[in-house]
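Peer 1: Fold the following.
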Amino acid sequence: MPDCGGAFTIRVVDRIAAIPASAWDACAGLDNPFLSHAFLDALEVSGSAKAGTGWLPQHLALEDDGGRLLGAAPLYLKGHSYGEYVFDHGWADAYERAGGRYYPKLQCAVPFTPVAGPRLLIRGDASPEASQAITGALISGMVALARRHKVSSLHVTFPTAGEWERFAAAGFLQRTGQQFHWENAGYASFDDFLAALSSRKRKTIRKEREAALAGGIEIHTLTGDAIEKRHWDAFFRFYISTSDRKWGSPYLTREFFDLIGARMAEKIVLVMAEKNGRLVAGALNLRGGDTLYGRNWGCAGDFPFLHFEACYYRAIDFAIAHRLKRVEAGAQGQHKIQRGYLPSPTYSAHWIRDPGFKRAVADFLIRERRAVAHEMDALAELSPFKREAE
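Peer 2: Just a heads-up that it's a prediction; the model follows:
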């Protein structure tokens, strides 16, 4: 890439291993485990995110004259729209029906991970002025790479709200979505959380938790060295089984789980359910600085309410015990509202090369943003928490 104003140079890196882990993590920070060098490298080394799966790494590395990494962005050249959780299949169909070629495209994201976080990674010791310059250089570098590859579009999914506005100022289109997050209001225990709910919702949750453990189900929340190979073996079976039932093609390989288990054990919170000595279900979470992120769930059999217990209630238990501020339980799922997970906005930004197609998408996004805002307002009314009158 060309030099940026004489102060920075941007390189395009086709494997994150080419960047020292300490340098990348100095930019990514410690709060979001999905942005860590260990996690992203595990995706690549395991074969989960590579050219053959439609995720060709094209990471941006912004360096000073001495070769020190000042900023970076996780970026991929993609041949499809799978594993993103911000759906643009309709855009692709419309553009190709009009005679265009939508793929390949560039994607700034963490593969297979609908978790919000920084996408423009900047060294923590950078001054505010330097941060602004690095941010602008990274955005310009993304667009320059998009033009070099002659792709139809460049998509930045699940950035922070501040980054979303910066991308908009650079000419990107703005899109909104929603997830469901649980917020810790300083609860001392799960019962303390339940006390904040309406009486009917409290009773429902208690009944669900009891039903989930019926028939001798035992649940263990494991971290660090407590997670053994047998747990990963079982969890991968559950993951494959669930993938086959729901979307037909699992993204993550068995090796991926071994790698994160070895490299990030202290960040992993694995909830495993057991019956009669046999592991029957599991939920994978990763722990950030103040947030527990729910990622994958799998089950071997039909166990009523076990999904709610393992994925939602045990996550709340863990967050309260470890004084975390929130639980983000992944994409979709309005059923989470009744369990204390309320609507929260998510963001994406989109650069489209064809001016006519850009105008059409921009018009759609105006209407979609209004619809999302209206739906979030309506869903908020379904909150299980007590009203003031109660």
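
Peer 1: ok, residue 268 - how many residues close by?
Peer 2: 22 (other CB atoms under 10 Å). Yep, even glycine has a C-beta here, placed from its N, CA and C like the rest.

Peer 1: got the contact list for it?
Peer 2: By CB atoms under 8 Å, 6 or more residues apart in numbering, residue 268 lies in contact with 223-224, 227, 260-261, 284-287.

Peer 1: Recalculate using a threshold of 10 Å.
Peer 2: 33, 222-224, 226-227, 232, 257, 260-261, 284-287, 295 (CB atoms under 10 Å, 6 or more residues apart in numbering).

Peer 1: are any of those buried, and which?
Peer 2: The neighbour-count test (16 or more other CB atoms under 10 Å) marks 33, 222-223, 227, 232, 257, 260-261, 284-287, 295 as buried among those.

Peer 1: nearest to residue 131, of these?
Peer 2: residue 33 (22.3 Å; CB to CB).

Peer 1: now the helices for the protein?
Peer 2: Using DSSP state H, the helices found in the chain span residues 21-28, 37-45, 89-97, 128-149, 161-169, 190-195, 199-212, 229-246, 254-263, 306-308, 314-321, 355-380.

Peer 1: Switch these over to a markdown table; also include mean pLDDT and distance to residue 11.
Peer 2: Compiled in a markdown table, these are given as follows (pLDDT from 0 to 100; distance: least, CB to CB, whole Å):
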| stretch | mean pLDDT | distance to residue 11 |
| --- | --- | --- |
| helix 21-28 | 98 | 12 |
| helix 37-45 | 98 | 16 |
| helix 89-97 | 97 | 29 |
| helix 128-149 | 97 | 9 |
| helix 161-169 | 98 | 21 |
| helix 190-195 | 98 | 48 |
| helix 199-212 | 97 | 50 |
| helix 229-246 | 85 | 35 |
| helix 254-263 | 97 | 24 |
| helix 306-308 | 96 | 44 |
| helix 314-321 | 98 | 39 |
| helix 355-380 | 96 | 28 |
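
Peer 1: out of the ones you listed, nearest to residue 334?
Peer 2: When those are compared (using CB to CB), the closest one is helix 355-380, at 6.6 Å.

Peer 1: in the closest one, what's buried?
Peer 2: 357-358, 360-361, 365, 372, 376.

Peer 1: how far does it sit from the chain's center?
Peer 2: 21 Å (CA atoms, centre = their mean, to the nearest Å).

Peer 1: can you tell me the distance between the two ends of stretch 211-219?
Peer 2: Start and end residues of stretch 211-219 are separated by 13 Å (CA to CA, to the nearest Å).

Peer 1: Distance to residue 386 added to the helices of the chain, as TSV?
Peer 2: Below are the helices of the chain laid out as TSV (distance: least, CB to CB, whole Å):
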stretch	distance to residue 386
helix 21-28	39
helix 37-45	39
helix 89-97	40
helix 128-149	42
helix 161-169	29
helix 190-195	9
helix 199-212	9
helix 229-246	35
helix 254-263	39
helix 306-308	21
helix 314-321	17
helix 355-380	14
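
Peer 1: between these, which one is nearest to residue 106?
Peer 2: helix 128-149 (5.2 Å).

Peer 1: Keeping just the C-alphas, turn the closest one into PDB.
Peer 2: Extracted C-alpha coordinates of helix 128-149, given in PDB (Å, rounded to 0.1, in the frame of the first residue of the first chain):
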ATOM      1  CA  PRO A 128      -5.700  11.400  20.800                       C
ATOM      2  CA  GLU A 129      -4.300  13.200  17.800                       C
ATOM      3  CA  ALA A 130      -2.400  10.100  16.700                       C
ATOM      4  CA  SER A 131      -5.400   8.000  17.200                       C
ATOM      5  CA  GLN A 132      -7.500  10.200  14.900                       C
ATOM      6  CA  ALA A 133      -4.800  10.100  12.200                       C
ATOM      7  CA  ILE A 134      -4.400   6.300  12.500                       C
ATOM      8  CA  THR A 135      -8.200   5.800  12.300                       C
ATOM      9  CA  GLY A 136      -8.300   7.900   9.100                       C
ATOM     10  CA  ALA A 137      -5.400   6.100   7.600                       C
ATOM     11  CA  LEU A 138      -6.900   2.700   8.300                       C
ATOM     12  CA  ILE A 139     -10.200   3.600   6.700                       C
ATOM     13  CA  SER A 140      -8.400   5.100   3.700                       C
ATOM     14  CA  GLY A 141      -6.300   1.900   3.500                       C
ATOM     15  CA  MET A 142      -9.500  -0.300   3.500                       C
ATOM     16  CA  VAL A 143     -11.000   1.700   0.600                       C
ATOM     17  CA  ALA A 144      -7.800   1.700  -1.300                       C
ATOM     18  CA  LEU A 145      -7.600  -2.100  -1.000                       C
ATOM     19  CA  ALA A 146     -11.200  -2.500  -2.100                       C
ATOM     20  CA  ARG A 147     -10.400  -0.500  -5.200                       C
ATOM     21  CA  ARG A 148      -7.200  -2.400  -5.800                       C
ATOM     22  CA  HIS A 149      -9.100  -5.700  -5.700                       C
END
